[in-house]
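[1] Quick check, what structure comes out for this input:
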Amino acid sequence: MDLSSRLRAIVRDTPRRELTYEPDVGRFEARVDLDRVAEILGGRRVTTDFGQCLAIDRRYESDRWHGDVQIGNCELDDCDALRLLDPALVPPGVDVSPVPADNQSPRTIFIDLETTGLSGGAGTVAFLVGCGYFDVGAFQVRQFLLTSYASERALLAAVAEFFGGTNLIVTYNGKTFDVPVMETRWMFHRLPMPDFSQAGTVPHFDMLHPARRLWSSRFGSGDGGDTAGCRLTTLERDVLGFQRIGDVTGLEIPGRFFQFLRTGDPRPLEPVLEHNRLDLVSLAAVTGHALRLARAGDVACRDEAEALALGRVLERAGVVDRAEACYRRAALSSCADVRGEALYRVGLRCRRDRRFDEAAAAWRDIVALTEPAANRRRRALAQLRQFAVEALAIHHEHRAKELEVARELALFALTDDPPPPSRAEGLRHRLARLDRKIARRGNRLLFS
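    Next up, the predicted model:
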């Protein structure tokens, strides 16, 4: 085990003692009337062994639309498709089907936190824990709100109890942020952690990583997006067709919570609660859309770029036939970059399956695609062209036995766009070998 896992094991196995102090309301916190806050925010009291916190419930019926997606179509109902998006999620044979264990405990829960900062560490507190789950087709959201620092243990206990019976959690960047933050707070207060933590046994599906593989290339420049980010708000606009109006920004959220602590007025938190609810609904909708793509393949893709990205995901999961179908659709793209990579991947797939003539056809298409000078100046296409010419030289030498054609292609690869020294040396070696083969064949013809 690594050091982090060993420390978690020590904390988990050590007998727990109660805290020697009881947190009190700080001098910068107003006395909060829970009943008044609950009435304004539409919530209710939740009582635990450590005090009370606030829970706020909202329900999104199955016939409600979230952009271009209907809520009822977002339910995660296919464990095998989840494994295609994340092969490391759970081993085959382990059931993570989202079927409730009983009438109170949903099995699949979507999680999103709002915190007092993004830096992490013991000073970062999750003041709002948003949880979503599907209930008879509708999407139910339950939010646990921290009304004072003194009630954090009550909130953590309520969240831990809520997660009883869960067999799958879904987050967006939760492996890096949400779950570690919650683990830190449970350990800080010496409270038992539920099984959904990283030290537990419940599978954790982080949608950020499949989202990057499927759609990050769409946000490589402009529109405030970047390849590393792939923000959920960007996905809901581009993938779901949903546009937020009057949404609170992430930078404002901690300040609104601190204002609530100082004044006791919960009204500044209403936009924060709505922001968190929209994050949860969008997370469920984006995950459901990715699941439909993994299940249906290229026919569900909106365009060739999405088909290419889905092909990579399916190939990574070992579903090579469906991945090739995605690549062949992407090879019809009018975008040279998309078509070039798709043809390259089709050629590799055919060559591995010993369909050499089909692979050679893909290499020829790449050479034809990269012929214009404007395209050849683009580094990625130039590299594809060089690879395709060399692959054709190999094909004509070893498969088609057309030595003169192979020699012309090898010479062309050496002179058209000079390769790096290591590859140039290999091409010169190939030319010399072809010259010897051609000479030997000429001698046999002469004396026959």
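
[2] According to the record, where do the domains of the chain fall?
    Split into domains by automatic domain parsing, the chain comes to 29-292, 337-447.

[3] Which one, of those, ends up nearest to residue 319?
    The closest of those to residue 319 is domain 29-292. By CB to CB, the value is 6.4 Å. C-beta here means a position set from N, CA and C on the backbone, and glycine is covered the same way.

[4] mean confidence for that closest one?
    In this model, domain 29-292 has an average pLDDT of 86.

[5] so how far is it off the chain centroid?
    On the basis of CA atoms, centre = their mean, to the nearest Å, domain 29-292 sits 15 Å off its chain's mean C-alpha point.

[6] Tell me which of the domains of the chain approaches residue 330 most closely.
    domain 337-447 (3.6 Å).

[7] and that closest one, average pLDDT?
    Computed over domain 337-447, the average pLDDT equals 86.

[8] Residue 340 sits in which helix or strand?
    helix 336-352 (DSSP states H and E).

[9] so how far is that helix off the chain centroid?
    24 Å.

[10] Contacts made by that helix with the rest, please.
    304-305, 307-308, 311-312, 315, 320, 323-324, 327-333, 356, 358-359, 362-363, 365-366, 369-370, 375, 378, 380-381, 384, 387-388, 391 (CB atoms under 8 Å, 6 or more residues apart in numbering).

[11] Enumerate the positions of it that are buried.
    336-351 (16 or more other CB atoms under 10 Å).

[12] Closest one of these to residue 195?
    Out of these, the member with the shortest distance to residue 195 (by CB to CB) is residue 345, at 39.3 Å.

[13] Would you check how far apart the closest one and residue 335 are?
    Distance of residue 345 to residue 335, computed by CB to CB, to the nearest Å: 15 Å.

[14] Ok, residue 306 next?
    12 Å.

[15] of the two, who's got more company?
    Using other CB atoms under 10 Å as the criterion, residue 306 and residue 335 rank with residue 306 on top: 22 against 14.

[16] so that one touches residue 293, yeah?
    Yes. Counting by CB atoms under 8 Å, residue 306 does reach residue 293; the two are 7.5 Å apart.

[17] any common contacting residues for the two?
    In contact with both residue 306 and residue 293: residue 214, using CB under 8 Å, 6+ apart.

[18] List phi and psi for residue 66.
    phi -120, psi 90 (degrees, to the nearest 10).

[19] now swap in the one 4 residues further on and tell me
    Backbone geometry at residue 70, expressed as degrees, to the nearest 10, gives phi -90, psi 140.

[20] cool, and residue 32?
    phi -100, psi 130.

[21] and the closest residue to it other than its chain neighbours, how many neighbours?
    Spatial nearest neighbour of residue 32, excluding adjacent residues (CB to CB, 6 or more residues apart in numbering): residue 147 at 4.7 Å. For residue 147, the count of nearby residues is 25 (other CB under 10 Å).

[22] hang on, residue 147 in a helix?
    No. Read with DSSP: H, G, I helix; E, B strand; the rest coil, residue 147 is coil and lies in no helix.

[23] my guess is residue 132 meets residue 282, correct?
    No. Using CB under 8 Å, residue 132 makes no contact with residue 282, being 10.2 Å away.
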